[in-house]
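Novice: Could you work out the structure for the sequence below:
(chains A and B, ligands or ions: 4)
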Amino acid sequence: MTPLFQILAAQDVAPEVIDRIPSGYSHFVIPFAVGITFMLCWLLVGCVRLLAAIPRHDRLTFFKSLFIPKTIVRNLKDLFGDCLLHLKIWRRKPLLGYMHSAIAFGWFMIIVLGHIEVALFVPKRLSVTNGGLFYPIFYRYFVWMNPGHTTLRGSFFFFLMDFFLLYILSGIALAVFKRFRSIVLGMRHTTKPSLADRVALYSLWLIFPLRLLAESFTADLSGGSFLTVGVNRFWHLLFGDKLWFTPCWWAYSISLGLFFVAMPFSRYMHILTEVLWILLRNAGIKPNHPRKGVAEAEIYACSSCGLCLDACPMNVQKKNLKYSSVYFIRFLRRHNEKKISAIADKCLMCDKCHALCPVGVDAPALRRAQRATENNSLPFDYSCISAVDTGLAATGVWAPDASRPVRVNGRPDALPPDPSPQESLPDASRPVLYFAGCMTRLTPRIIKAVESVFEAAGVDYVFADREGGMCCGRPLMLAGRNDAAAKLIEANKKMIEESGCSTLVLSCPICYKIFKEEYRLEGIKVTHYTQYFNELIASGRLKVEKTDRKLVYHDPCELGRGCGVYFEPRAALGKAGTLVKASMEYDESICCGGSLGSLTLDVKDRAKIAEASLKSLTAGSPDTIVTACPLCLKTFSEAVANSGSPMNGVAVKDFAEVLRG
Amino acid sequence: MVDFGFGLVPSSRINLDLFDREKYDKLTAIEPDARICISCGSCTAVCTAGQFAHTSLREALDDILNANPDKALESLRSCQLCGKCAMVCPRGINTRHLILSIIKVYSGE
Ligand code: SF4
Ligand code: SF4
Ligand code: SF4
Ligand code: SF4
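Specialist: Ligands and ions are numbered 1, 2, ... in the order given. The predicted model follows:
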C-alpha cells in the first residue's frame, strides 16, 4: 500500500522539489550527526539505567500508567503545557514565558514541520539508511525548488518554517537580553551557568541565527518565504550575485553538534528528561533516595531556570542564594556530597520553590530524602512512650503512665503530674478530639482562645494533650528521621483511635499535615481549626461579631502550600473584620522564618526572613496580622516587637483569638 | 597509699583528662551554637520528651564539657526533635541541629 503522503506528493506531474544532491549527504553534516548520536545514546543509557534503578513495583506502576486513559490525557496536557508552551511561567511572568515557549515550542514546530516537508516532497529520505537522521534538519541544503512549479502547499510550508524561525529568534533575542538585564523579564536573581552550560548556551544562541544565515544563503536554490528570501536579497545587495553558502551550513552544523555534545552535561538536558519526569510524576511515583531512581529523572528535569531563586525566602540575603533549590539540584547532579548536605540542612522546607517550579521539581522532598541518608540511622530510644498503652481510652485524657518512675527536669524522683480523673468516653457524646501539639502547648493564649470558641459554639470536646502529649512526628520527618517518626505516629495513632472520636481538630499546621498525610486514621475526620471553626460559623453554631478591624491573613507554609488550605481561614476571618491583601499571599506567601524545617539557619537569618514576610503582610496597612500557626504567631510577635516604629501599631493575633473579638 | 576516706563518689567524679578535644572541636565546627549555651535550663523545662524519660539538652552540654559524653547521649536519646526548646532558648540556639550534631559526633566511632 502506498502511504497517503506519497499519493499526495505524486499528484504534481513535474516535481516541485528536486533532490539536488543524489547521495543525500555532504560532509558538513558530520558535526551534527556525531553530536546528536552521542546525545541520544547518552539519553537511552540514562533512561534504561534510571528505570532499572527504581523498585520493581514502581516500574510496573509506571508502565501501566502509560495505558490508563486518564493519565494519558494528563500526560499530554502536561507535556504540551509544561515542556513546550511553558504555561506555568506564562502565568507568572508573561515575558519570560514567551521567551521559554518561543525557544521550546518554536524549535519543536520546526523539527516537526521539517519532517513533514521531507515526508511530503522527498519521502525516501525519511529512512535512517537514507540520511533520515540529518536530512530533515538540513532539508533546504539538499533540495532545489523547481521554479514555476511551487504549489500553494509548498509556499505554505515555507511560510510556516520562516514564521517559526522568526518566533524562535525573538525568543533567543530575549534570552540574550535576559543574561544581561534579567530584571526586565521579572527575575531579580539568575543562576550562574557552569562551563558546560556556557558551551551549550552560546551554541544555542548561535544555532538559530546560523540557520537563518544558511537558509537565506541557499534561498536562491531551495526557496523560502518572507524571512529567508528577504534576508537573501540583502546578502545579494552586499555580496553580489554569487553566494558561497557551504561555510554557513558548516557553521550551523557545528553549532548544533556542539550543543548536543554539551547537552548531557548542561542544564539543557532538561528538554528531554523533563518528558520522563512528567510521565513518572503523573504515574504517582515518589523518590525515596535523593539521587537514585526517580530522583534522577527529577534532578535532570530541572532546567536551571532560576525561578526558585526569587521564590526562596532565604534569599532576602544575597549570601544565601547558594542554598537555593537550583544549586542543590546542580550539586546533586555533580555528586558534591559536602555541599549537598549543607544545602539540604539549610532549607526551611517552606515548599515555595516546589509550588512555583515550572516543571514541578519537588526539591524539598529531595532535601528530606538527603537528610534521611544522614539522620535516619542515628540512634534513638523511645521505649518510654510505651506508657501510652494506658492512654486516652481509659482516662479520657492521655497522660504519661504515672507508675513509671521518670525523672522530670533533672530531678530524679519527681513524677509527672497525675492525670485529672475523667469519665470514660462514649463514642457519640464526645465526638470531637482536640490535639494541641507541642507548639500550641507552648502558646497558651491559643489554647485559651480555642477552648473559648469550643465553648461558645457548644462543642463537646476532649482536650487530648491537656496534661502533656507526644510530638506528632512531623519535625522528625522534616529532619529525615523517618523511623523515629514512625514510632511516634504509631503511638499517637493508637491514642486517637482508642479515644473513639469522630473528628480530630488540630491547631498547628505542622501536626495537621502529618495527621492528614501519614496517620491514615480510618473513619476520623482530620481538620485544622480554621476549617472546623469556619464550618461552625457556616452552620450557625458559632456567632462571630463583625468589627471594623483591618485584618491580614498569613498563609502558614504547612497549611497553605503544604495542605492547600487557603479558603476556609479567609472565609471565617471575613466574618470578623475586613480582610486586606498582603503583597505575597496564597502559594506565594513568604515563610515567617520560624520554620522547623531548617536545621542550620541561625536566628539572625531567620529574623531577616521574618522582616521580609512582615513587609509583605503590612503592604495593605492592616491593623492586625492573623496567623493560624503557633510558630508563626511567636515569630511574628517577636519580629513586630523588635522592629522599628512603622510596625508598632500592628497587632499579631491567632485565628481563634480574632474570632473571639 | 593511705586511704583517708575523702575520695569522691566515682559517679560524680569529673576527669577532665578524658575530655575529647577533637570531638568537641568537630561538634562546634558543625554547630557553633554549642558554645553559647548559658545552662539556663529553659530547654529542659519545656521538653516534650522530658515528660516520659529524662531528657535535657542543658545537661547534655554540661556532660560533654565534663568529659562524660555517654551520659550526654543518654540525656538526648528520647528527644523527639519537636523544637520546643528552640522556641524558648534565650540564646537563640539552633537546638535541634545541636542535638542531632551531638548524637552524630559522639555516637559514631
Ligand atoms: S528547581 Fe524548578 S524553578 Fe528551580 S531552577 Fe529547577 S526548574 Fe527552575
Ligand atoms: S523550600 Fe523554601 S526555603 Fe527551602 S529552598 Fe524552597 S523556597 Fe527556599
Ligand atoms: S526538641 Fe527534643 S530536647 Fe527539644 S524540647 Fe523537643 S523533645 Fe525536648
Ligand atoms: S535554653 Fe538554650 S541557653 Fe538555656 S540551657 Fe537550653 S540550650 Fe542552653
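
Novice: how close does the residue nearest the centre of chain B sit to residue B:75?
Specialist: With distances taken as CA atoms, centre = their mean, residue B:60 lies nearest the centre of chain B, 1.6 Å away. Distance, residue B:60 to residue B:75, using CB to CB, to the nearest Å: 4 Å. All C-beta atoms are positioned from the backbone trio N, CA, C, and that covers glycine.

Novice: rewinding a little: what's near enough to touch the residue nearest to the centre of chain B?
Specialist: Residues in contact with residue B:60 (CB atoms under 8 Å, 6 or more residues apart in numbering or on different chains) are B:71, B:72, B:73, B:75, B:76, B:99, B:102.

Novice: Hmm, the third one is touching residue B:104, no?
Specialist: Going back to what we said before, that points to residue B:73. No. In this structure, residue B:73 is not within contact of residue B:104 by CB atoms under 8 Å, at 10.8 Å.

Novice: Output stretch A:516-529 as PDB, restricted to C-alpha atoms.
Specialist: Extracted C-alpha coordinates of stretch A:516-529, given in PDB (Å, rounded to 0.1, in the frame of the first residue of the first chain):
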ATOM      1  CA  LYS A 516      -3.600  14.100  57.300                       C
ATOM      2  CA  GLU A 517      -0.900  12.500  55.200                       C
ATOM      3  CA  GLU A 518       0.700   9.800  57.300                       C
ATOM      4  CA  TYR A 519      -1.600   8.700  60.100                       C
ATOM      5  CA  ARG A 520      -4.400   7.100  58.000                       C
ATOM      6  CA  LEU A 521      -7.000   7.500  60.700                       C
ATOM      7  CA  GLU A 522      -9.900   5.400  59.300                       C
ATOM      8  CA  GLY A 523     -13.300   7.000  59.900                       C
ATOM      9  CA  ILE A 524     -11.900  10.000  61.700                       C
ATOM     10  CA  LYS A 525     -12.200  13.400  60.100                       C
ATOM     11  CA  VAL A 526      -8.900  15.300  60.500                       C
ATOM     12  CA  THR A 527      -9.400  19.100  60.300                       C
ATOM     13  CA  HIS A 528      -7.400  22.200  61.100                       C
ATOM     14  CA  TYR A 529      -9.200  24.500  63.400                       C
END
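
Novice: so, in contact with chain B or not, it?
Specialist: No. Applying CB under 8 Å from any CB of the partner chain, one finds stretch A:516-529 out of contact with chain B, separated by at least 15.0 Å.

Novice: Show me the contact partners of that stretch.
Specialist: A:450, A:453, A:473, A:477, A:485, A:489, A:492-493, A:496-497, A:501-507, A:509, A:512, A:515, A:535, A:559, A:563, A:565, A:568, A:628, A:655-656.

Novice: Ok, stretch A:167-174 next?
Specialist: Here stretch A:167-174 makes contact (CB under 8 Å, 6+ apart) with A:95, A:98-103, A:105-107, A:110, A:185, A:204-205, A:208-209, A:212.

Novice: List the residues that contact the residue in chain B positioned nearest to ligand 1.
Specialist: With CB to the nearest ligand atom as the measure, residue B:97 is the residue of chain B nearest to ligand 1, at 24.6 Å. The neighbourhood of residue B:97, defined by CB under 8 Å, 6+ apart, consists of A:345, A:599, A:600, B:31, B:33.

Novice: same thing but 7 Å
Specialist: Listed by CB atoms under 7 Å, 6 or more residues apart in numbering or on different chains, the contact partners of residue B:97 are A:599, A:600, B:31.

Novice: show me the contacts for the residue in the stretch 501-650 of chain A positioned nearest to ligand 4.
Specialist: Relative to ligand 4, the nearest point of the stretch 501-650 of chain A is residue A:603 (11.5 Å; CB to the nearest ligand atom). Counting by CB under 7 Å, 6+ apart, residue A:603 touches residue B:92.

Novice: Residue A:51 against residue A:60, yeah?
Specialist: No. Taking contacts as CB atoms under 7 Å, residue A:51 lies outside contact range of residue A:60: 10.9 Å.

Novice: Between those two, tell me which one has more neighbours.
Specialist: In this view residue A:51 and residue A:60 are compared by other CB atoms under 10 Å in any protein chain shown, and residue A:51 has more residues nearby, 17 against 12.

Novice: which helices and strands does whichever helix or strand that one is part of pack with?
Specialist: Per DSSP states H and E, residue A:51 falls inside helix A:30-53. Contacts defined by 3 or more CB pairs under 7 Å, 6 or more residues apart in numbering or on different chains; DSSP states H and E place helix A:30-53 against helix A:246-262.

Novice: which residues are in contact with the helix or strand following the helix it packs on?
Specialist: Using DSSP H and E, the helix or strand that directly follows helix A:246-262 along the chain is helix A:270-282. Outside of helix A:270-282, the residues within contact range by CB under 7 Å, 6+ apart are A:43, A:47, A:62, A:65, A:71, A:74-75, A:78-79, A:82-83, A:294, A:297-298, A:300-303, A:359-360.

Novice: Okay, now the unreliable bits of chain A?
Specialist: A:1-14, A:386-430, A:645-648 (pLDDT under 70).

Novice: Could you chop it up by domain?
Specialist: Per the record, chain A has its domains at A:4-213+A:244-255, A:286-375, A:383-538, A:550-659, by automatic domain parsing.

Novice: for chain B, which helix is longest?
Specialist: If you go by DSSP state H, chain B has its longest helix at helix B:95-107.

Novice: Buried residues in that one, which are they?
Specialist: For helix B:95-107, burial by neighbour count (16 or more other CB atoms under 10 Å in any protein chain shown) applies to B:95, B:96, B:97, B:98, B:99, B:100, B:101, B:102, B:103, B:104, B:105, B:106.

Novice: ok, stretch A:324-341 near ligand 2 or not?
Specialist: Yes. Stretch A:324-341 lies within reach of ligand 2 by CB under 6 Å from any ligand atom, at A:324, A:325.

Novice: got the buried residues for that stretch?
Specialist: For stretch A:324-341, the neighbour count (16+ other CB under 10 Å) marks A:324-333, A:339-341 as buried.

Novice: can you redo those as a markdown table with distance to residue A:31?
Specialist: As requested, these are exported to a markdown table (distance: CB to CB, whole Å):
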| residue | distance to residue A:31 |
| --- | --- |
| A:324 | 35 |
| A:325 | 35 |
| A:326 | 30 |
| A:327 | 32 |
| A:328 | 34 |
| A:329 | 30 |
| A:330 | 28 |
| A:331 | 31 |
| A:332 | 31 |
| A:333 | 26 |
| A:339 | 35 |
| A:340 | 35 |
| A:341 | 40 |
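
Novice: Thanks again, I'm all set now.
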